[in-house]
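>>> Please work out how this folds:
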Amino acid sequence: MGGRRPTGRFFILLMFAVGIALFAVMSLFRPGETRYDVVRNGTSSDTRRVQAVIMRDEKVVSMDSGSTINYVAQEGAKLSAGDVIAYIYSAGYSTSQLQALEKVRSDIRAYHLSILGTIIDTKLDRLEANVQYLALQLKSLVNRRSSGNLLNLEAQLSEAMEARQTYLSQNQREDVTLTTLYETESKRESQIVSWRSVETASSDGVISFYLDGYEAFLAPDNTPNITLDSLRAILQGKQVGADTSRLTTTIYRLVNMSRWYAYILTEDSAFNPVTNQSFWFQMEGFEDVVYNATVVSSVKSGSTVMTLLQFDDPIGPLLNQRGGSATISTEMSGLKVPGGAIFRDNGQTGVYVYNGAGDTFIPVIVLSTDSDGVLISTEYESALYVGSYVRVR
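Next up is the predicted model:
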């Protein structure tokens, strides 16, 4: 028994199926055997290990090497403009002057008790007690055993000493020894003040007395001189930049706590961060703190990518950190095209978009590459968009 012969309807259906298949194939080839593919929406995530070098926005202050400094502010303290940081004593000063002043004040107390103890003068006693109290408060503050406003306390002490001296003059107290002691105290106080300058905060910031020698080189206004080699040297603990003068000593830095930077080094030439792109940044050893950063610039040198990140988060525990390993991560969105759609034309990276009559080269930025294709972005959004066709090798 023979099989059924195909009918005319069968041949019509067969031709229709072949036509659909040919249309699907031809849709990828416009015109003249050139292959095209459609542009899609795409997303990508990227997490990678990097080497990081931190650069802070900070004011670094030095003093003459022969000077003596007495710190008032505490390491890591948040200061406002005008807050006292330290007293700086010039080369002519020595601690013997302060010891001599303390001895005079001790002599005044002893003489006041022994000679004037039989004289009832409650106002003088009150003025004397106020001077001695403020002097002890100032000494405690200078030695950092207490907290307070040093300039205000110093002004109060000077005012109390003047009030005591005025009272004695007005009452014509006939005691040459006491008057001489008061004059000696005032003289020694004036000598110390003449040798001393007050260092105050020039702006709001965080104070740090920890210095590693890279402050002058790793500064925002020195970025044109910062190279890949210099960053590698810093990560190895080597000296970079010019030697600092031996005539001065760096004494502290006042750090902008909400604006700082980091250079990151990536050994992957395919890494292509773009300006203003956002990353999450996490320093090794500080895993409990995650910072948000934006890309300022990026330069490739061989297989290494050197990227400058800007942070507007408080610097926090990285105040004294300079470099080390870190992790960066980001989520990206853009246009997805096949890997074969990326071309180079006159030194630019881009794609050829079919415009109905021919192909137009559109520059793009490659964000990431994976097995599913290439994620790209472009500023020419009117010419390259989801649904447009791009030439594929």
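
>>> Just give me the residue closest to the centre of this structure.
Trp260 (2.0 Å; C-alpha atoms, centre = their mean).

>>> Quick one: residues contacting Ile264.
By C-beta atoms under 8 Å, 6 or more residues apart in numbering, Ile264 lies in contact with Val50, Gln51, Ala52, Met306, Thr307, Leu309, Ala326, Ile328. The way it works is simple: take the backbone N, C-alpha and C, and place the C-beta from them, glycine included.

>>> Okay, and which of these map to strands?
Among the contacts of Ile264, the members falling in strands are Val50, Gln51, Ala52, Met306, Thr307, Leu309, Ala326, Ile328 (criterion: DSSP state E).

>>> What about the residues you listed, which one has the most neighbours?
Taking other C-beta atoms under 10 Å as the neighbour criterion, Leu309 ranks highest of these with 28 neighbours.

>>> pLDDT value on that residue, please?
We have a pLDDT of 98 for Leu309.

>>> what sits against it?
Contacts of Leu309 by C-beta under 8 Å, 6+ apart are Tyr261, Ala262, Tyr263, Ile264, Phe279, Phe281, Ala293, Thr294, Val295, Val296.

>>> Next one: the closest residue to the last one other than its chain neighbours relative to Thr330, how far apart?
This points to Val296. Residue nearest to Val296 in three dimensions, not counting chain neighbours: Leu308, with 4.3 Å by C-beta to C-beta, 6 or more residues apart in numbering. Note on Leu308: its distance to Thr330, by C-beta to C-beta, to the nearest Å, is 16 Å.

>>> Looking at these two, which is more packed in?
When neighbours are counted by other C-beta under 10 Å, Leu308 comes out ahead of the other of Leu308 and Thr330, with 21 against 18.

>>> Do I have it right that the more buried one meets Tyr261?
Yes: counting by C-beta atoms under 8 Å, Leu308 does reach Tyr261; the two are 6.2 Å apart.

>>> ok so, going back, for Val366, state which of the ones in strands among the contacts of Ile264 is nearest.
Using C-beta to C-beta, Thr307 comes nearest to Val366 of those, at 15.1 Å.

>>> Next, the buried residues of stretch 187-206.
Burial within stretch 187-206, assessed by neighbour count using 16 or more other C-beta atoms under 10 Å, is assigned to Arg188, Glu189, Ile192, Trp195, Arg196, Glu199, Thr200, Ala201, Gly205, Val206.

>>> just to revisit the earlier point, just put the contacts of Ile264 in JSON lines and tack on distance to Asp121.
Shown next, in JSON lines, are the contacts of Ile264 (distance: C-beta to C-beta, whole Å):
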{"residue": "Val50", "distance to Asp121": "75"}
{"residue": "Gln51", "distance to Asp121": "73"}
{"residue": "Ala52", "distance to Asp121": "69"}
{"residue": "Met306", "distance to Asp121": "76"}
{"residue": "Thr307", "distance to Asp121": "75"}
{"residue": "Leu309", "distance to Asp121": "69"}
{"residue": "Ala326", "distance to Asp121": "70"}
{"residue": "Ile328", "distance to Asp121": "74"}
